[in-house]
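Q: With the sequence up front, the predicted model follows.
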Amino acid sequence: MEEPVGAAEPEGEPADEAAPAPRPRRRGRTTLLIAAAAVLGVVAGTCTGYLVQAGREPTKLPPLSQPVLAQAKGPGPEPLSAARDSGLRTDGDLRKLLLKKPKGAKDAAWTDGDGWQNLPGYANNFKSPDGAFANLVGEEFRRAAVTGWEMDSEYSVEIRLVQFRQEEKLAAADASIDGQYWAEEEGESDSWVIPGTGDGRAYVYKAVDDTRLRSASAHAWRGDIAMELWIYSSKPITKKFVMDLAERQMEQL
């Protein structure tokens, strides 16, 4: 049978009611007294420290003046010679540092100026003068000295010393690296490190056929000057020839 609605509870002890959750323990009065005493102790100690310090004699500061240094007597050192100060050479007439043409050679036909090339003139040596002009302005181009000669109909030489201001970057080293990059892009060649220049290199290009004009180049730098050297010849150009010219020109710097 179904349990009737409203049936009485079974007899026995009544079920325990659910015990209420315990409340959190309150902070006792003792804890508050201890905290207050600690704060008062810190304040009292600080005040005592100030009173003790105020009763002491002030510490004397060291004197601001320093002992007078004895000045050296006699004449000052002699200025460095041009052999020891490269700036005396490179800040002067840059054309005097160019190699002299050898005996029996004549000035090249294109060297009809005074041996100087200004910014527009030097930019005209590039395939894209406008782009080169803008780059040279950013590279702090200062000036360029140029020379060249021809030896009968055998070969011709062109040398440029390009100087940069170098107030913000080592433009001469960058120019040498760029020259070497384009020298390697020019065509198949043999190349060698120029002694005494660190990373300077000389190139001799291989002729495609017997009728092609032979060529060689060299690129190096020292201080604020980049050296550029080109050789053109109707005959094969030897390693000794291009290396000799490059080494002697760098020795001038």
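A: Thanks, I have the structure now. Keep in mind the model is a prediction, meaning the values are calculated, not measured. Numbering: from 1, shown residues only.
Q: Now do the contacts for the residue lying closest to Met227 once chain neighbours are set aside.
A: Counting by CB to CB, 6 or more residues apart in numbering, the nearest residue to Met227 once its immediate chain neighbours are dropped is Ala220, at 5.0 Å. (Each C-beta comes from the backbone N, C-alpha and C, glycine too.) For Ala220, the set of contacting residues under the criterion of CB atoms under 8 Å, 6 or more residues apart in numbering consists of Ser176, Ile194, Thr197, Asp199, Gly200, Arg201, Ala226, Met227, Ala246, Met250.
Q: Would you mind giving the secondary structure of Ala220?
A: The local conformation at Ala220, judged by DSSP: H, G, I helix; E, B strand; the rest coil, is strand.
Q: out of the contacts of Ala220, which are buried?
A: Ser176, Ile194, Thr197, Gly200, Arg201, Ala226, Met227, Ala246, Met250 (16 or more other CB atoms under 10 Å).
Q: Closest to Glu154 out of those residues?
A: Lowest distance from Glu154 to the buried ones among the contacts of Ala220 (CB to CB) belongs to Ala246, with 18.7 Å.
Q: ok, now how distant is the closest one from Pro129?
A: For Ala246, the distance to Pro129 (CB to CB, to the nearest Å) stands at 26 Å.
Q: same thing with Ala207?
A: Between Ala207 and Pro129 the computed distance is 29 Å (CB to CB).
Q: Spell out, range by range, the strands that occur in this protein.
A: Per DSSP state E, the chain carries strands over the ranges 106-107, 116-117, 141-151, 155-164, 189-193, 201-205, 214-222, 225-233.
Q: for stretch 126-143, which positions count as buried?
A: Neighbour-count burial for stretch 126-143 flags Ala132, Phe133, Leu136, Glu139, Glu140, Phe141, Arg142, Arg143 (criterion: 16+ other CB under 10 Å).
Q: Quick one: these as CSV, columns for pLDDT and distance to Lys106 too.
A: Shown next, in CSV, are those (pLDDT from 0 to 100; distance: CB to CB, whole Å):
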residue, pLDDT, distance to Lys106
Ala132, 94, 29
Phe133, 96, 32
Leu136, 95, 31
Glu139, 93, 34
Glu140, 95, 35
Phe141, 96, 30
Arg142, 96, 30
Arg143, 95, 25
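Q: Any chance of TSV for those, columns distance to Trp116?
A: Output for those, formatted as TSV (distance: CB to CB, whole Å):
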residue	distance to Trp116
Ala132	18
Phe133	17
Leu136	15
Glu139	18
Glu140	17
Phe141	13
Arg142	11
Arg143	7
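Q: For Thr238, state which of these is nearest.
A: Nearest to Thr238 out of the buried residues of stretch 126-143 is Ala132 (CB to CB; 31.4 Å).
Q: Apart from its chain neighbours, what residue comes closest to the closest one?
A: If you skip the residues right next to it in sequence, Ala132 has Phe126 as its closest partner in space, 3.7 Å away by CB to CB, 6+ apart.
Q: thinking that neighbour is in contact with Leu136, fair?
A: No. At 9.1 Å, Phe126 does not count as touching Leu136 under the criterion of CB atoms under 8 Å.
Q: Show me the shaky parts of the chain.
A: In the predicted model of the chain, residues 1-44, 50, 52, 76, 78-89, 112, 209-211 satisfy pLDDT under 70.
Q: residue ranges of the helices in this protein, please?
A: Using DSSP state H, the helices of the chain run over 29-54, 86-90, 119-123, 129-138, 171-186, 239-252.
Q: just the angle between the fourth one and strand 155-164, please?
A: Computed with axes from the mean of the first three to the mean of the last three CA atoms, to 10 degrees, the direction of helix 129-138 lies at 40 degrees from that of strand 155-164.
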